[in-house]
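>>> Whatever this is, show me its structure:
(one chain, ligands or ions: 1)
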Amino acid sequence: MLRMRAAALGGLMRAARGGRRCRDPSGGLRVPSLCSAPPPQPVIAAKEPFPVELKEGKSYSWCACGHSQRQPFCDGAHKKEAPGLSPLRFTPARTGPAWLCGCKRTRTPPYCDGTHKGEAVQGAPLPPRA
Ligand code: FES
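Okay, the predicted model is just below:
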């Protein structure tokens, strides 16, 4: 009974938060206070875009959290470093060169829109890399 109520409450909390799960990190009961925490923010992987060659019709996963060691693509680091953030899966419409965002602040993900040129990115410290 208690387990059913907890599950129902968890479902309501997920729905209210747009599908985000609110779980005790130790794996225990769901903790409402964790649900009020702000969503994780991406870190700046680079202060400039990454030049890449894309292939039409091929599926790519662009790192949206900034923690991947395979920038600008996902290596799964978000699961540990930024739960709640997911890579952006995209399929380019044409083959050719592209500039994929490295600062993770673009308004046109996964492509660079020049946001990295602003002080918010250029003046920010880069996180330490492993
Ligand atoms: S690298 Fe992010 S907007 Fe250019």
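
>>> from here on, contacts and neighbour counts on C-alpha atoms
Noted.

>>> Helices of the chain, start to end?
For the chain, the helices defined by DSSP state H occupy 2-16, 32-35, 78-81, 119-122.

>>> The ligand versus Val121, what's the distance?
Distance, Val121 to the ligand, by Cα to the nearest ligand atom, to the nearest Å: 8 Å.

>>> My read is that that residue contacts Cys103, right?
Yes: between Val121 and Cys103 there is a contact at 6.9 Å, judged by Cα atoms under 8 Å.

>>> The two: which is more packed in?
Cys103 (27 against 18; other Cα atoms under 10 Å).

>>> got the residues of the protein near the ligand?
By the rule Cα under 6 Å from any ligand atom, the part of the chain lying against the ligand is 47-49, 101-106, 112-116.

>>> doesn't His67 make contact with Glu81?
Yes: Glu81 is within contact range of His67, at 6.9 Å (criterion: Cα under 8 Å).

>>> hang on, the earlier thing: looking at the helices of the chain, which one has the lowest mean pLDDT?
For the helices of the chain, mean pLDDT drops lowest on helix 2-16, to a mean of 40.

>>> Among the residues of the chain next to the ligand, which pair sits farthest apart?
Using Cα to Cα, the pair of the residues of the chain next to the ligand lying farthest apart is Lys47 and Asp113, separated by 12.5 Å.

>>> who's more crowded, those two?
Per other Cα under 10 Å, whichever of Lys47 and Asp113 has more neighbours is Lys47, with 20 against 16.

>>> Next up, the contacts around Thr95.
By Cα atoms under 8 Å, 6 or more residues apart in numbering, Thr95 lies in contact with Glu53, Leu54, Lys55, Glu56.

>>> please redo it, this time with the cut-off set to 10 Å
Residues near Thr95 by Cα atoms under 10 Å, 6 or more residues apart in numbering: Glu53, Leu54, Lys55, Glu56, Gly57, Lys58.
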